[in-house]
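A.B. asks: mind folding the following:
(2 chains)
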Amino acid sequence: MKIGKGEIIFAVITVLFVASFFYGMAANPGSEFGGVDGAAEEVITDVTGGYEPWIGNIGFEPPGGETESLLFALQAAIGAVVIGYFFGYYKGKGRSD
Amino acid sequence: MHIMEGFLPSPWWQLWFVFSIPVIMFGMYRLNKLVSERRDLLPLLAVAGAFIFVLSSLKLPSVTGSSSHPTGTGMAAIMFGPAVTAVLGVIVLLYQALFLAHGGLTTLGANVASMGIIGPLAAYLIYKAGMKANINFYVVVFLAATFADWITYVVTSTQLALAFSSQAGGFIGLLQGFLVIFATTQVPLAIMEGALTALIFKYIIQVKSDALVELKVISQETVNKLRGISA
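C.D. replies: Numbers count the residues shown, from 1 in each chain, chains lettered A, B, ... in the order given. Here you go, the predicted structure:
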């Protein structure tokens, strides 16, 4: 696909996003950039004086970070395959029509 | 924005199911109609669903020193409306609740409400208003997708603040606390998502604009204008 105005604007925003991340790293030294869901849990525990979830996890729980990142990567890969397949299909179809 | 299993006490988790279930039912009805009447549009639906799948799996670092993920729901909301997006949201949230211990089954109603319904509804309304006001299509898509993402996190903050305000002594203070965590972190992510969604729409216009015209997302004149062809 041709590089147009859209791609350039997207690239600029991406660069700004990455720059803001590096700024965030400098501004928060030692931060591991943990998830916000965990941070919210801490707030809940704090304000309630130790909230205990009334029910534990029901589904499968990944035993560790490795399995978790596998499943997240799988999720992204499945999505990317579907998107790529249909864009390729339509592009090829448009060319042969 | 995943509220973890058990982190919404009664009656809040039930209330959010009461809110979400009718919308999901209506979305399934719309989806059924779409699938039986317009089979040719199925691929576009798959792309919209896959986009949510990809984006909600990416945990991006933010300037605030924490990480969060985009939602990817703006695209589906613009093309198919918030009700159908709610159904797609259920699929993604179920996957993450069942296999990743991310979110939960009891909090599914609340999570669908924020990510699948209210965020997408904001996108849908912004999109319709922006197109009516004759603003550039890609700018409108950018705004709609950015706010779908951001509003989702505002809703999550509100849901948690509502549920715990009685124990924390005050709704407003608690809401501010959650907003600082969720909504501030989300700003750069939401902008990034808006830009990506606008770029993807450029490619959809290039390869499959007739489907968007059929779905009444965009008029043929606008397509011609965007492609630089005089109508």
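A.B. asks: flag every buried residue along stretch B:34-54.
C.D. replies: Buried residues in stretch B:34-54, defined by neighbour count with 16 or more other C-beta atoms under 10 Å in any protein chain shown: B:34, B:41, B:43-54. Where C-beta positions appear, they are placed from N, C-alpha and C, glycine not excepted.
A.B. asks: the helices in chain B, which residues?
C.D. replies: B:12-37, B:42-55, B:73-80, B:82-99, B:108-111, B:119-132, B:137-168, B:171-179, B:185-214, B:220-226 (DSSP state H).
A.B. asks: what's the most buried one of those?
C.D. replies: Highest mean neighbour count of those: helix B:73-80, a mean of 30 (counted as mean count of other C-beta atoms under 10 Å in any protein chain shown).
A.B. asks: now do the SS call for the closest residue to chain B within chain A.
C.D. replies: Nearest residue of chain A to chain B: residue A:53, at 2.8 Å (C-beta to the nearest C-beta). Under DSSP: H, G, I helix; E, B strand; the rest coil, residue A:53 falls in the coil class.
A.B. asks: what residues are up against residue B:171?
C.D. replies: By C-beta atoms under 8 Å, 6 or more residues apart in numbering or on different chains, residue B:171 lies in contact with B:161-162, B:165.
A.B. asks: pull the longest helix from chain A.
C.D. replies: Longest helix in chain A, counting residues (DSSP H): helix A:65-96.
A.B. asks: in it, what counts as buried?
C.D. replies: By 16+ other C-beta under 10 Å, the buried positions in helix A:65-96 come out as A:68, A:71-72, A:75-76, A:79, A:82-83, A:86-87, A:90.
A.B. asks: so where's the chain uncertain?
C.D. replies: Went with chain A since none was named. A:1, A:97 (pLDDT under 70).
A.B. asks: try chain B instead
C.D. replies: Low-confidence segments of chain B (pLDDT under 70): B:229-231.
A.B. asks: now the spatially most central residue of chain B: how far from residue B:192?
C.D. replies: Here the mean C-alpha position of chain B is nearest to the C-alpha of residue B:73 (C-alpha atoms, centre = their mean), at a distance of 2.9 Å. As for residue B:73, its distance to residue B:192 is 15 Å (criterion: C-beta to C-beta, to the nearest Å).
A.B. asks: same question, residue A:62
C.D. replies: Distance, residue A:62 to residue B:192, by C-beta to C-beta: 26 Å.
A.B. asks: one step back: could you report the neighbour count for the spatially closest residue to the residue of chain A closest to chain B that is not a sequence neighbour?
C.D. replies: Leaving aside its sequence neighbours, residue A:53 sits nearest to residue B:6 (C-beta to C-beta, 6 or more residues apart in numbering or on different chains; 2.8 Å). Neighbour count of residue B:6, defined by other C-beta atoms under 10 Å in any protein chain shown: 19.
A.B. asks: equivalent analysis for residue A:15, please.
C.D. replies: 10.
A.B. asks: what residues sit buried inside the host helix or strand of it?
C.D. replies: Element membership for residue A:15 (DSSP states H and E) is helix A:5-27. Residues of helix A:5-27 classed as buried by neighbour count (16+ other C-beta under 10 Å): A:6, A:10, A:13, A:17, A:20-21, A:24.
A.B. asks: can you list the residues you listed in CSV and add distance to residue A:43?
C.D. replies: CSV is the format used below for the buried residues of helix A:5-27 (distance: C-beta to C-beta, whole Å):
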residue, distance to residue A:43
A:6, 39
A:10, 35
A:13, 30
A:17, 26
A:20, 24
A:21, 24
A:24, 20
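A.B. asks: tell me the one of these nearest residue B:207?
C.D. replies: Nearest to residue B:207 among the buried residues of helix A:5-27 is residue A:6, at 14.2 Å by C-beta to C-beta.
A.B. asks: list the contacts of that closest one.
C.D. replies: Contacts of residue A:6 (C-beta under 8 Å, 6+ apart): B:138, B:198-199, B:202.
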